[in-house]
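**Q** Starting from these lines, generate the structure:
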Amino acid sequence: MKGQFLPYKDDNVTKSRPTVTYALIALNVIIFIWSLFDYSNIINTFGFKPAEFAVLTIFTSMFLHGGIDHLFGNMWFLFIFGDNVEDRFGKVKYIIFYLLSGVAATLTHFATNMDSLIPTIGASGAISGVLGAYLAIFPKVRVHVASGYGSTAVPAYVMLILWFVMQLIFGAVSFAGSSGSGIAFWAHIGGFVFGYVVGKLYTLRKV
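**A** Numbering: from 1, shown residues only. Below is the predicted model of the structure:
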């Protein structure tokens, strides 16, 4: 979940303790530490390979990470935005939503990279769903972001739409074969769109 800015807090107070979000963060950290004992074999076995489609790896891949920076970036975004989505959905619905966001993201990646044998890993697809839901439910909440130019507070829709547009641009570049980043941008896009639609339907149901 990389970008040119880093959110470090929002002005969105939760009513309950985000135990599911904290548990997801802890689980990802524990699995990352475990993966270091036999990293190549674990990634090759439990990462999602589009050309060798396996339902199990759709789920296992979203709990694996490629390094400390990959893990930290994903968990930081989950920490900032996940608590409020969990608070609004409720704990059971939130964990189901999180997993389905990861599935939607992985299937989008599959649809755009069917012949790839490269293992895809990371929680960013599921977390992209969380970002999409946050945009749908809390578009005007102020998010404080830091960048190379300092820090500022902007409405959530400004930051999250900018983030999504960046994914679209890099995703388009990847189609041209010009992206060597190894980042599954279309997984981010698929997860985000899924999360936004679910979040929007949820807000409409609550009206």
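**Q** Please tell me how far the helix or strand bottoming out on mean pLDDT in the chain is from the chain's geometric centre.
**A** Here the helix or strand of the chain ranked lowest by mean pLDDT, DSSP states H and E is strand 150-155, holding a mean of 88. The chain centroid and the centroid of strand 150-155 are separated by 21 Å, computed with C-alpha atoms, centre = their mean, to the nearest Å.
**Q** Strand partners (parallel or antiparallel) of it?
**A** Using DSSP bridges, strand 150-155 pairs in its sheet with strand 142-147 (antiparallel).
**Q** average pLDDT for the partner strand?
**A** In this model, strand 142-147 has an average pLDDT of 90.
**Q** List the buried residues in that strand.
**A** Buried residues in strand 142-147, counted by 16 or more other C-beta atoms under 10 Å: 142-145. The C-beta positions use only the backbone N, C-alpha and C, and glycine is treated the same way.
**Q** quick one, what contacts the residue nearest in space to the middle of the chain?
**A** Closest to where the C-alpha atoms of the chain average out (C-alpha atoms, centre = their mean) is I127, at 2.3 Å. Applying C-beta atoms under 8 Å, 6 or more residues apart in numbering, we find I127 in contact with 1, 74, 77-78, 81-82, 101, 191.
**Q** Ranking by neighbours, what's the top pick from those residues?
**A** Counting neighbours by other C-beta atoms under 10 Å, G191 leads these with 34 neighbours.
**Q** Am I right that that one is in contact with G122?
**A** No. G191 lies out of contact with G122 (C-beta atoms under 8 Å); the separation is 10.7 Å.
**Q** so what's P139 closest to, chain neighbours aside?
**A** Take P139 and drop its neighbours on the chain: the residue closest to it by C-beta to C-beta, 6 or more residues apart in numbering is Y157, 4.2 Å away.
**Q** contact partners of the helix or strand hosting the one you found?
**A** According to DSSP states H and E, Y157 maps onto helix 156-175. Residues outside helix 156-175 that contact it (C-beta under 8 Å, 6+ apart): 3-5, 7, 10, 112, 128, 131-132, 134-135, 138-143, 145, 179, 181, 183, 185-186, 188-189, 192.
**Q** Now restrict those to buried residues only.
**A** 5, 7, 10, 112, 128, 131-132, 134-135, 138, 141-143, 145, 183, 185-186, 188-189, 192.
**Q** Flag the shaky bits of the chain, pLDDT-wise.
**A** 1-4, 175-182, 206-207 (pLDDT under 70).
**Q** Give me the neighbour count for the residue nearest to P139.
**A** By other C-beta under 10 Å, 16 other residues sit near Y157.
**Q** K91 contacts T19, correct?
**A** Yes. Contact status for K91 versus T19: in contact at 6.8 Å, counting by C-beta under 8 Å.
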